[in-house]
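Chemist: heads up, no residue letters with this:
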């Protein structure tokens, strides 16, 4: 490869990173809508980044699914799986 083509490759990479940054989407909590990187407000007022506008608009579903998965993992970690059935059995036999 020549030096010129190496420079072009590096230029293409920097262009790609600029395009990637511009393609990020955020959910603006104050405005109640999806916004691009160049429109976003303070970190405390946005959720993201998301890869697409549609993903940003589905932030609540993503958040709820993630919270449920974390709660399930916490229960496994703390050994609470199946405790409801065990508690009922203990209550039946304790006379």
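Modeler: Cool, the structure landed. Owing to the predicted nature of the structure, the values given are computational and were not obtained by experimental measurement.
Chemist: quick one: buried residues of the strand or helix carrying residue 72?
Modeler: In this structure, residue 72 sits in helix 59-78 according to DSSP states H and E. Residues of helix 59-78 classed as buried by neighbour count (16 or more other Cβ atoms under 10 Å): residue 59. (Glycine included, C-beta is placed from N, CA and C.)
Chemist: which elements pack onto that helix?
Modeler: strand 46-50 (3 or more Cβ pairs under 8 Å, 6 or more residues apart in numbering; DSSP states H and E).
Chemist: now do the strand it packs on against helix 59-78, angle only.
Modeler: Angle, strand 46-50 to helix 59-78, by axes from the mean of the first three to the mean of the last three Cα atoms, to 10 degrees: 90 degrees.
Chemist: average pLDDT for strand 46-50?
Modeler: For strand 46-50, the mean per-residue pLDDT is 95.
Chemist: next one: stretch 57-75
Modeler: Stretch 57-75 carries an average pLDDT of 94.
Chemist: run through who's touching it.
Modeler: Residues from elsewhere that reach stretch 57-75 (Cβ atoms under 8 Å, 6 or more residues apart in numbering): 27, 34, 47-48, 50, 55, 81.
Chemist: neighbour-wise, which one of those leads?
Modeler: Counting neighbours by other Cβ atoms under 10 Å, residue 27 comes out on top of the contacts of stretch 57-75 with 25 neighbours.
Chemist: what packs against the helix or strand containing it?
Modeler: Assessed by DSSP H and E, residue 27 sits inside strand 25-28. With contacts defined as 3+ Cβ pairs under 8 Å, 6+ apart, the packing partners of strand 25-28 are strand 33-36, strand 46-50, helix 53-57.
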